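>>> pasting a predicted model and its sequence here:
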Amino acid sequence: MSTHSLREKWQQRVQSWRDSGLSQSTWCKQHNLRPSQFWYWRKKFDEASLPVTTTTHKGDKPSAFVQVIPVSQAEVAGTALSSLSVTLPSGLTVTGFDQTNLKLAQQLIGLLQ
């Protein structure tokens, strides 16, 4: 099997898992796949979809950072807090922030990272 067709096969598998709504472990059991192998390919595709900047420092291994663009308080002031959401690199989106649950949202995001 060529590298290209192997990659396509795993992309189809990862998409099938995402569409299924099952846990990764359950999906792998149903399809007779090793979870470690599935995790490898899923991570590979997830990393490929992130906007990444690679830097090196004096011969160190490259490190990847996700770009963060700060906004001013004036830009945020016009936005209702309940309309804010955060999308994690895994694709999980947390929505519904408002002034009454910011601390809870902060703790939840910390646990999910």
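Structure received.

>>> flag every buried residue along the longest helix seen in the chain.
Taking DSSP state H as the assignment, the helix of the chain that covers the most residues is helix 3-20. Within helix 3-20, the residues that qualify as buried by neighbour count (16 or more other C-beta atoms under 10 Å) are 10, 13-14, 17. Where C-beta positions appear, they are placed from N, C-alpha and C, glycine not excepted.

>>> with stretch 92-105 instead?
Of the residues in stretch 92-105, those buried under the neighbour-count criterion (16+ other C-beta under 10 Å) are 97, 105.

>>> quick one: which of the buried residues of helix 3-20 is nearest Gly91?
Top of the list for closeness to Gly91, among those and by C-beta to C-beta, is Val14 at 10.9 Å.

>>> ok, the nearest residue to that closest one once chain neighbours are set aside - contacts?
Leaving aside its sequence neighbours, Val14 sits nearest to Arg42 (C-beta to C-beta, 6 or more residues apart in numbering; 5.2 Å). By C-beta atoms under 8 Å, 6 or more residues apart in numbering, Arg42 lies in contact with 14, 17, 24.
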